[in-house]
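Asks: Sequence below, structure please.
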Amino acid sequence: MFAKATKNFLKEIDSGGDLISVSSLNDSDKLQLLCAVTKRKRFWCWQKPKYHPSSFTLSDLLTEAIPLEPVVVESDFVKYDGKFGNCIGGNIGTEVGVLELSSAGKGCVESHTSFGSLRKREVDINQLMKDVHQRKVNWKQPLLQQMLERKNEVLCILKEKIITTQECVISEHTQMEAKHGGNIEIKTKIVKVSVNENGNLSKDANVVLEIPPSTAIAYGIIELYIKRDGHLEFCVLPEREGGFERESTEGVYPHISAHFETFALHSWDCVDGNRHAAKRKSIQGGAPISILKEDISQLRKHFECFANLQDDKRTLLYQMFCEVLYHGATVTLLENVMDDICAGVSVIDMDLRELESVQRHKVTEFLHFFGCRVENEMLLQQIDIHSEELFAAAHFLISALDELSDSTLALLGACCDLQVVSTLCCWLDSTSEEGTSSLSDPMLGPFSDQGRFLVVERMLSLSNITLEKTGCSLKAVTKREPGFLPLILFIALSGFHALSGGF
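Replies: Numbers count the residues shown, from 1 in each chain. Below you'll find the model as predicted:
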């Protein structure tokens, strides 16, 4: 809930910028100026880096026991004060819009959204560079030793943070809608943020979270490049990448480096927006959906191991994937754990207490399937990965799901229930070079049902694809700046298609 609110905030005020949203209230206390932050490069081509604040500061990492006293500048940042509509009745509200499934809507209510007046605290980088000139890092420091072992992490220093100045309230509202003859049932969560000026809390919320003043909601970092002699450089230019000077770059993601080489590590290094920094081409805007055919045809091969499973095991795995579609937090947790396993972390601290008991059970059941064990609901131990290829395919699919919004995941779940996933995969294969297809094709029969078509249309729209029905034909094109979302959606669809026995 907190993570969703901060992420939405940055989309509004810093889309494509360098600020990083704070994903956990527990991290807020760690986010002190000059604290060490690890940046983990990800495996799949569409994934943004992950940032993990530590309890160490830059002073702790240097050899000389001379504490740094940075020059700090504090200023007004922005007053975040907006409104959004929450339609009820015959419409389903989502955090990015409204999916209209019926004309029986009863109207909308307007909700206030605000983090109030925000302040920015930042370090004078020029002075900091002078203060650490000629100082070296302490290679015996535990954080540095662990980072050197993993080989896919970059050391960063927190240089600025955005903090609240007054108490805020984040509330989560859950809505359930069932329309079109009971064929469609979608559960959505709406997160609202407001300043608690008079001490009154929202009474109709399912969950309410109070945020105290001076809480960090976003921060900025500067990467460090550390030489073998211990000297460090601040990466002040955007093209300068941080890291450790090494003799070899082998060993990154040792568990699955042999799989999915086509879409392995590369420099998609945007923090929370749409900056085109990827070395690999992103999807062209305004292009017919047929441009995805070649990539998807190659990527589907990596899901063949799903089809080779025994029917009972494949059905079980399919059901487990379907069950997490309505719980974005569970998808994110599973992706984090699988990412750590792929990075070679043998023992992973994992706190499941924030999940409901049903979701905790689903997480442990999912991990058990691949030979992992959870003890005391907090400690994950990797016992035996039965099949690296199978685990890599599952990680591939869960990573794609983690990039989709909660609303898109819910609509994908509806597509599974409505049995149109196979139709969507076959539809992509049959589209012409112009992105058109004929509704007279028996294979596209499910699209003749208006309810199913609306669900598909909205899911594609949330993935930056425009679907139009004109007479007896369909036409689909990518939106203006689609990024990787169209590709990610069809990767997810291909995975579910394989798990359902479609191969």
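Asks: Spatially nearest residue to F496, not counting backbone neighbours?
Replies: Once flanking residues are discounted, F496 sits nearest to V421: 4.9 Å by Cβ to Cβ, 6 or more residues apart in numbering. Glycine gets a C-beta too; all of them are placed from N, C-alpha and C.
Asks: Would you agree S54 is in contact with L34?
Replies: No. Contact criterion Cβ atoms under 8 Å: S54 and L34 do not qualify, at 11.5 Å.
Asks: hang on, I341 packs against I348?
Replies: Yes. At 7.3 Å, I341 counts as touching I348 under the criterion of Cβ under 8 Å.
Asks: hang on, the earlier thing: how near is the residue nearest to F496 to L299?
Replies: Distance of V421 to L299, given as Cβ to Cβ, to the nearest Å: 16 Å.
Asks: OK, contacts around C426?
Replies: C426 sits next to M443 when contact means Cβ atoms under 8 Å, 6 or more residues apart in numbering.
Asks: would it count as being in a helix?
Replies: Yes. Under DSSP: H, G, I helix; E, B strand; the rest coil, C426 falls within a helix.
Asks: Just the local confidence number for it, please.
Replies: With respect to pLDDT, C426 scores 91.
Asks: same deal with G328?
Replies: 82.
Asks: What is the neighbour count of it?
Replies: G328 has 21 neighbouring residues, counting by other Cβ atoms under 10 Å.
Asks: my guess is it contacts S407, does it?
Replies: No. Checked against Cβ under 8 Å, the pair G328 and S407 is beyond contact range at 9.3 Å.
Asks: Can you tell me the closest non-neighbouring residue to K161?
Replies: The shortest distance from K161 to any non-neighbouring residue, by Cβ to Cβ, 6+ apart, is to Y219 (4.1 Å).
Asks: How about I291?
Replies: Nearest to I291 is Q284, by Cβ to Cβ, 6+ apart, at 6.3 Å.
Asks: how many neighbours does that neighbour have?
Replies: Other residues near Q284 come to 13 when the count uses other Cβ under 10 Å.
Asks: and it, what does it touch?
Replies: 291, 478, 482.
Asks: On the three-state scheme, L489 is what?
Replies: Three-state assignment for L489 (three-state DSSP): helix.
Asks: what about it, distance to S15?
Replies: Distance from L489 to S15, by Cβ to Cβ: 20 Å.
Asks: same deal with R42?
Replies: Distance of R42 to S15, computed by Cβ to Cβ: 20 Å.
Asks: W427 now?
Replies: For W427, the distance to S15 - Cβ to Cβ - is 31 Å.
Asks: And T57, by the same measure?
Replies: For T57 relative to S15 (Cβ to Cβ), the value is 30 Å.
Asks: ok so, going back, more neighbours: W427 and S15, which one.
Replies: W427 (22 against 13).
Asks: And that one, how close does it get to I465?
Replies: 12 Å.
Asks: Could you do I20 as well?
Replies: Per Cβ to Cβ, I20 is found 28 Å from I465.
Asks: So for those two, which residue has more residues nearby?
Replies: I20 (27 against 22).
Asks: Could you list the low-pLDDT ranges of the stretch 201-350 of the chain?
Replies: 201-208, 247-281, 344-347, 349-350 (pLDDT under 70).
Asks: Could you chop this structure up by domain?
Replies: Split into domains by automatic domain parsing, the chain comes to 2-244, 281-503.
Asks: Which of the ones you listed has the lowest mean pLDDT?
Replies: domain 2-244 (a mean of 75).
Asks: May I have the distance across it, first residue to last?
Replies: 33 Å (Cα to Cα, to the nearest Å).
Asks: Distance from that domain to the middle of the chain?
Replies: Per Cα atoms, centre = their mean, to the nearest Å, the displacement of domain 2-244 from the mean C-alpha position of its chain is 13 Å.
Asks: between I341 and I348, which one's more packed in?
Replies: I341 (22 against 19).
Asks: Roughly how far does that one sit from F391?
Replies: Distance from I341 to F391, by Cβ to Cβ: 8 Å.
Asks: Next: M147.
Replies: 24 Å.
Asks: what do you get for K120?
Replies: For K120, the distance to F391 - Cβ to Cβ - is 42 Å.
Asks: just to revisit the earlier point, the residue nearest to K161 should be in a strand, yeah?
Replies: Yes. Assessed by three-state DSSP, Y219 belongs to a strand.
Asks: quick one, what contacts E64?
Replies: E64 neighbours (Cβ under 8 Å, 6+ apart): R135.
Asks: any idea which element it lies in?
Replies: Using DSSP states H and E, E64 sits in no helix or strand.
Asks: all strands of the stretch 301-450 of the chain, in order?
Replies: Using DSSP state E, counting those that start in this stretch, the strands assigned to the stretch 301-450 of the chain run over residues 347-349, 372-375, 379-382, 436-438.
Asks: What is the burial count for H368?
Replies: Applying other Cβ under 10 Å, we find 12 residues neighbouring H368.
Asks: That one and R42, how far apart?
Replies: According to Cβ to Cβ, H368 and R42 sit 25 Å apart.
Asks: And E335, by the same measure?
Replies: Per Cβ to Cβ, E335 is found 10 Å from R42.
Asks: now I221
Replies: 16 Å.
Asks: Kindly report the same for S405.
Replies: 18 Å.
Asks: Looking at these two, which is more packed in?
Replies: More crowded of S405 and R42, by other Cβ under 10 Å: R42, with 21 against 16.
Asks: Am I right that the more buried one is in contact with D339?
Replies: Yes. Taking Cβ under 8 Å as the definition, R42 is a contact partner of D339 at 7.2 Å.
Asks: where do the contact lists of these two overlap?
Replies: Any residue near both R42 and D339 by Cβ under 8 Å, 6+ apart counts here, and that gives K50.
Asks: Tell me the secondary structure at S282.
Replies: coil.
Asks: Near it, how many other residues are there?
Replies: There are 19 residues near S282, going by other Cβ under 10 Å.
Asks: now V455
Replies: V455 has 25 neighbouring residues, counting by other Cβ under 10 Å.
Asks: That one should be in a helix, yeah?
Replies: Yes. Assessed with three-state DSSP, V455 lies in a helix.
Asks: Find the nearest non-adjacent residue to it, please.
Replies: A414 (5.1 Å).
Asks: Would you confirm that the one you found contacts R458?
Replies: No. Assessed by Cβ under 8 Å, A414 is found out of contact with R458, at 9.5 Å.
Asks: could I get stretch 18-34 in CSV with only the CA atoms?
Replies: Provided in CSV are the C-alpha atoms of stretch 18-34 (Å, rounded to 0.1, in the frame of the first residue of the first chain):
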residue,chain,number,x,y,z
ASP,A,18,16.3,9.8,-11.2
LEU,A,19,14.3,9.6,-8.0
ILE,A,20,13.6,6.2,-6.5
SER,A,21,10.3,5.5,-4.6
VAL,A,22,10.6,4.2,-1.1
SER,A,23,8.9,0.8,-1.1
SER,A,24,8.8,0.1,2.7
LEU,A,25,8.2,2.1,5.8
ASN,A,26,10.9,0.1,7.5
ASP,A,27,13.4,1.5,5.0
SER,A,28,12.6,5.1,5.9
ASP,A,29,14.7,5.1,9.0
LYS,A,30,17.7,3.7,7.0
LEU,A,31,17.5,6.3,4.4
GLN,A,32,19.8,8.8,5.9
LEU,A,33,22.0,11.0,3.8
LEU,A,34,25.3,9.3,2.8
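Asks: Next, the buried residues of that stretch.
Replies: Of the residues in stretch 18-34, 18-23, 25, 27-28, 30-31, 33-34 count as buried by neighbour count, 16 or more other Cβ atoms under 10 Å.
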